[in-house]
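*Asks:* this one's structure only:
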């Protein structure tokens, strides 16, 4: 059924486009039959653009001129105007202004100005202006004619909009829906979705335009370059052929006589007249002259007069052009030289030199032919304007096609899915079911990845409704397990050392203080995300979890540890990481445990690489561990232990400052030092809480 529907849609679009093309062709033939000074070859384009949409209108405009070019090749260069008529008419229609008199006149004026200028430009590059016609006056004439033509077409359009039955107008409507059609309000909403940067529609349009413009420019540049080279080669051949004709008309044995006597020499005038006839054979030839090349310069044999420049007299010596300095030795020897392009005394020219030999085979002079490069430049400009006109018509068609397909097959389906997802409510079971039904009603059937995405989206939505409550319960259970795990592991440490309870609470608070200050002063901001800060603060109490594996004899020894005992004590970092690894295996999605592992394993590493267990240095130490190192050492300094007395607050701060850059990350230490008031407040508050708890 879907294939039948798609085939009908395609047949309908083709039929509508054919109607527009036929109307254009009938209009053009009608005015030609009556010899009217208008064209009426865009009337069908206007009607279809307004009633069916921009893409059918553009198709009608483009293919009308393609068909007309079968009889008149120049018609293809006007396709751009017919296509532009479709774009402008569609724009005014979509804005709801096609029935307002002021906007109708404005639309007609815009189309006439563009059409008149385009037609005038083409006439100019084709050199159709006569000597008594100014460019501005002629272009204005084209504009006036275009205005009259387009106004007649618009009047026909308006009459059809008034008198054409609604049913027929409905039949002419064309769309490309690949889903349940949306209302105008829904279309407006789908096109106005909020985007973080730019919309998908804009990206697709920009991509299509960029691709078309890039390909078009490359194609035009290549075409112009090839055309230029072809034209230059062609003119080289022309110059060479003309030079050969000149050589054939000159008797090498009489060259010296021609130089000495000029027009009085026998046969001189006859040869000169023949040379004039040769020059007149092609309008592209600028100069024909014959020189005898000697050490002191070019001795004139023949030099034909032109409208702008009289030729030199026979026997006159013309200095060598600077551009021929490299060829002078060969010319003096009577050798043939390659044709060349020069820009010198007499302008930008293609020049061909051909040697003239006497009866003994000795070169007596050179016949030279110059063709102005301005001719080639003008031809190139004409070619470029025609190419640009042709490409613009096809580029607009490709852009319109891409926009049409992307809008109906990508943008609107994706945006309607996004709107449906955004409107999804979880109030109750009944609301959830209504949401699913709304999504099903979209009925997206693009037949590609978008449809696959829609089907997956619909299925996922249904599954989400079925399992929503179950997922929510499991999520809450996992969260509770994570929080409970932290407390259990922290209690395990507290049960081993009566001082640790105070220590783990304070160090957790100090890590938060350090991280807040680092973010405030703009240090490590790329790492200090909200999630990272939360993970470090939650997992800080686990930094000494590995001490559970250390014997009480060593852990609570009142005096200084021996070297052997200290080596055993240092293993608490690796043991702590191993314990947390076991927890991670049980709760693999608990991201904070990864930071807990980093803290437990590396919080005794030092910035200068002299810490343990691995001797890491600098930023090779995880940031969480570098933060923990400052918090851990500070609290150890200000806390009384069985093996030492407590340092004062200021003394501890001085030690942190002194060891910044050796023991501690200097940036982390500085953040801690800048937070001394907050650190003092937290230290006092937690100490009071612990004291009250013991009572």
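*Replies:* Okay, I see it. Computed from a predicted model, the values in this text were never measured in an experiment.

*Asks:* helices of the stretch 451-600 of the chain, residue ranges please.
*Replies:* 500-520, 530-539, 552-555, 563-570, 572-586, 592-602 (DSSP state H, counting those that start in this stretch).

*Asks:* output the below-cut-off pLDDT ranges for the stretch 151-300 of the chain.
*Replies:* Using pLDDT under 70 as the threshold, the predicted model of the stretch 151-300 of the chain has low-confidence ranges 193, 195-196.

*Asks:* quick one: average pLDDT of the strand or helix carrying residue 417?
*Replies:* Under the assignment given by DSSP states H and E, the secondary-structure element containing residue 417 is helix 412-422. Averaged over helix 412-422, pLDDT sits at 82.

*Asks:* just name the shakiest helix or strand of the protein by mean pLDDT.
*Replies:* The element with the least model confidence among the helices and strands of the chain, by mean pLDDT, DSSP states H and E, is helix 449-494, at a mean of 69.

*Asks:* strands of this structure, residue ranges please.
*Replies:* In the chain, the strands defined using DSSP state E lie at 285-294, 297-303, 317-318, 340-344, 347-357, 363-372.

*Asks:* number of residues surrounding residue 116?
*Replies:* Neighbour count for residue 116, taken as other C-beta atoms under 10 Å: 23. (C-beta placed from N, C-alpha, C; glycine too.)

*Asks:* let's have the chain start at 749 instead
*Replies:* Got it, first residue is 749 now, which makes that one residue 864.

*Asks:* pretty sure it is touching residue 894, no?
*Replies:* Yes. In terms of C-beta atoms under 8 Å, residue 864 counts as a neighbour of residue 894; the distance is 4.4 Å.

*Asks:* okay if I get the strands of the chain as CSV plus distance to residue 1420 and mean neighbour count?
*Replies:* As requested, the strands of the chain are arranged in CSV below (distance: least, C-beta to C-beta, whole Å; neighbours: other C-beta atoms under 10 Å):
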stretch, distance to residue 1420, mean neighbour count
strand 1033-1042, 86, 22
strand 1045-1051, 91, 23
strand 1065-1066, 91, 14
strand 1088-1092, 75, 14
strand 1095-1105, 77, 21
strand 1111-1120, 82, 23
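
*Asks:* of the ones you listed, give the one that comes closest to residue 1351.
*Replies:* For the strands of the chain, proximity to residue 1351 was assessed by C-beta to C-beta; strand 1088-1092 is nearest, at 78.2 Å.

*Asks:* quick one, that closest one and strand 1095-1105 angle?
*Replies:* Note on geometry: by axes from the mean of the first three to the mean of the last three C-alpha atoms, to 10 degrees, strand 1088-1092 and strand 1095-1105 are set 130 degrees apart in direction.

*Asks:* okay, the angle between strand 1088-1092 and strand 1111-1120?
*Replies:* Here strand 1088-1092 points in a direction 70 degrees away from that of strand 1111-1120 (the same axes, to 10 degrees).

*Asks:* what pairs with strand 1088-1092, parallel or antiparallel?
*Replies:* With DSSP bridges as the criterion, the sheet partners recorded for strand 1088-1092 are strand 1095-1105 (antiparallel).

*Asks:* list of residues touching stretch 1003-1010?
*Replies:* Outside stretch 1003-1010, the residues within contact range by C-beta atoms under 8 Å, 6 or more residues apart in numbering are 1013-1014, 1016, 1019, 1040, 1047-1050, 1061-1063, 1104, 1106, 1112-1113.

*Asks:* so how far is residue 1052 from residue 1067?
*Replies:* 19 Å (C-beta to C-beta, to the nearest Å).

*Asks:* okay, those two: which has more neighbours?
*Replies:* Shown here are residue 1067 and residue 1052; by other C-beta under 10 Å, residue 1052 has more neighbours (17 against 9).

*Asks:* that one reaches residue 1025, doesn't it?
*Replies:* No. With contact defined as C-beta under 8 Å, residue 1052 does not count as touching residue 1025 (10.6 Å).

*Asks:* of the helices of the stretch 1199-1348 of the chain, which is nearest residue 1382?
*Replies:* Distances from residue 1382 to each of the helices of the stretch 1199-1348 of the chain were compared by C-beta to C-beta, and the smallest falls on helix 1248-1268, at 6.5 Å.

*Asks:* show me how far the closest one is from its chain's centre.
*Replies:* Offset of helix 1248-1268 from its chain centre (C-alpha atoms, centre = their mean, to the nearest Å): 47 Å.

*Asks:* neighbours around residue 843, how many?
*Replies:* Burial of residue 843, expressed as a neighbour count using other C-beta under 10 Å, amounts to 10.

*Asks:* what sits closest to it if chain neighbours are left out?
*Replies:* residue 851 (8.0 Å; C-beta to C-beta, 6 or more residues apart in numbering).

*Asks:* my guess is the one you found contacts residue 840. True?
*Replies:* Yes. With contacts defined as C-beta under 8 Å, residue 851 counts as touching residue 840 at a distance of 6.0 Å.

*Asks:* ok so, going back, tell me who's in contact with the residue nearest to residue 843.
*Replies:* Taking C-beta under 8 Å, 6+ apart, we find residue 851 in contact with 840, 843, 845.

*Asks:* look up how far residue 1206 lies from residue 1001.
*Replies:* Distance check for residue 1001 against residue 1206: by C-beta to C-beta, it reads 98 Å.

*Asks:* these two - which one has more neighbours?
*Replies:* residue 1206 (17 against 14).

*Asks:* spatially nearest residue to the more buried one (excluding sequence neighbours)?
*Replies:* The shortest distance from residue 1206 to any non-neighbouring residue, by C-beta to C-beta, 6+ apart, is to residue 1187 (5.5 Å).

*Asks:* any idea how far the residue minimising distance to the centre of the chain lies from residue 1411?
*Replies:* Among the residues of the chain, the one closest to the centroid is residue 955, at 6.1 Å (C-alpha atoms, centre = their mean). Computed as C-beta to C-beta, the residue 955 to residue 1411 distance reads 55 Å.

*Asks:* repeat that for residue 1311.
*Replies:* On the measure of C-beta to C-beta, residue 1311 and residue 1411 end up 20 Å apart.

*Asks:* what's the answer for residue 1066, then?
*Replies:* Spatial separation of residue 1066 from residue 1411 under the definition C-beta to C-beta is 91 Å.

*Asks:* one step back: dump the strands of the chain to CSV, plus distance to residue 1365.
*Replies:* What follows is those, written out as CSV (distance: least, C-beta to C-beta, whole Å):
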stretch, distance to residue 1365
strand 1033-1042, 80
strand 1045-1051, 83
strand 1065-1066, 83
strand 1088-1092, 68
strand 1095-1105, 70
strand 1111-1120, 76
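
*Asks:* now for these, which one comes closest to residue 1369?
*Replies:* Of all those, strand 1088-1092 sits nearest to residue 1369, with 69.9 Å by C-beta to C-beta.
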